[in-house]
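[1] generate a structure from the sequence data that follows.
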Amino acid sequence: MSVLAPYVATLVSYDAVGEPGVHVGMPSTRLTLVLPVGEPIDVGWADDAASRRRYQANVSGLHAAPAAIHHGRRQRGVYLELSVAGARALLGVPASGVAGEMVEAAEVDAGLRDLPDRLAEAPRRDWGPLVETTLVAALARHDAPGPRAEVGRALARLTGGAGVADVADEVGFSRRHLRDLVVAETGLTPQQHRRLGRFERSHALVRRRVPLAEVAVRCGYADQSHLTREWRALAGCSPTTWQRRELPSIQDDGASGAAP
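    Predicted coordinates for the structure are as follows:
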């Protein structure tokens, strides 16, 4: 997957069995592409029941609120996380074009229209290679220029927790100009992107059951209460509630996990 490495951060095939319920789709600094095998994916924003619908293949743009993924006993498919550069390269649109939205993948790129059917006809061992081959073809088809190098560097630094003023100085822009460029590329302000990056880092540690006080310190929150408030705002629940609801369900046959 070397040619796709700058654009695809995660590619996981999953086949999970568990109790029916609602899985939380977490905010992050990456877009998601979910390709269900069999049943369409039933998803919407957790705080907006009217947004719920079924997708043959779902693209979710950058967002600062949790998604609610409704599922039955079995979940099968391929889950991908795309970088901001991957939106242009693989979907043919800047990340800002789908920010805060959920859309059918074929509505963004008609070249992905038959991918769910091809996955349904293939054995699981072929799902990953089939998706990779399709995305390499999309890469050649779009031939889209990536974000400006300065914007790419700024996003990487913001994701890592650097302050907005420091990042603006590093890339040689005023804070206002940096804001305009980042919003045009991602649909989020630099501060919002930085906030999601911090939450993303905390999510990885909470998933590993690192003590919450340590998570707060390592991720730059003022204290554990601040961490919990941010989780309630961005994930719709506290870290401990998320662990109780989600971690037991992120299991399958040992080869892959459900989408985080």
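[2] where along the stretch 51-200 of the chain do the strands fall?
    In the stretch 51-200 of the chain, the strands defined using DSSP state E, counting those that start in this stretch lie at 53-55, 58-60, 67-71, 74-82, 102-104.
[3] which of the ones you listed sits closest to Thr189?
    Evaluated over the strands of the stretch 51-200 of the chain, closeness to Thr189 peaks at strand 58-60, with 19.0 Å, by CB to CB. Every C-beta, even on glycine, is put in place using the N, C-alpha and C of the backbone.
[4] helices or strands up against the closest one?
    Here strand 58-60 touches strand 31-36, strand 41-45, strand 102-104, helix 105-108, going by 3 or more CB pairs under 8 Å, 6 or more residues apart in numbering; DSSP states H and E.
[5] next structured bit after the top helix by length along the chain?
    Secondary structure of the chain per DSSP state H: the longest helix is helix 190-207. Next helix or strand after helix 190-207 toward the C-terminus (DSSP states H and E): helix 212-219.
[6] just tell me which of the strands of the stretch 51-200 of the chain ends up closest to Glu230.
    Minimum separation from Glu230 across the strands of the stretch 51-200 of the chain (CB to CB) falls at strand 67-71, 17.2 Å.
[7] list the buried ones in the closest one?
    Ala67, Ala68, Ile69, His71 (16 or more other CB atoms under 10 Å).
[8] next, the angle from it to strand 31-36.
    10 degrees (axes from the mean of the first three to the mean of the last three CA atoms, to 10 degrees).
[9] strand 67-71 - what's its average pLDDT?
    The average of the pLDDT scores along strand 67-71 is 94.
[10] which neighbouring elements make contact with it?
    strand 21-25, strand 41-45.
[11] sheet-wise, list the partners of that strand with their directions.
    strand 21-25 (antiparallel), strand 41-45 (antiparallel) (DSSP bridges).
[12] most neighbours per residue, which of the helices and strands packed on strand 58-60?
    The highest average neighbour count among these, using mean count of other CB atoms under 10 Å, belongs to strand 31-36 at a mean of 24.
[13] can you work out which other helices and strands pack against that one?
    strand 58-60, strand 74-82, helix 115-121.
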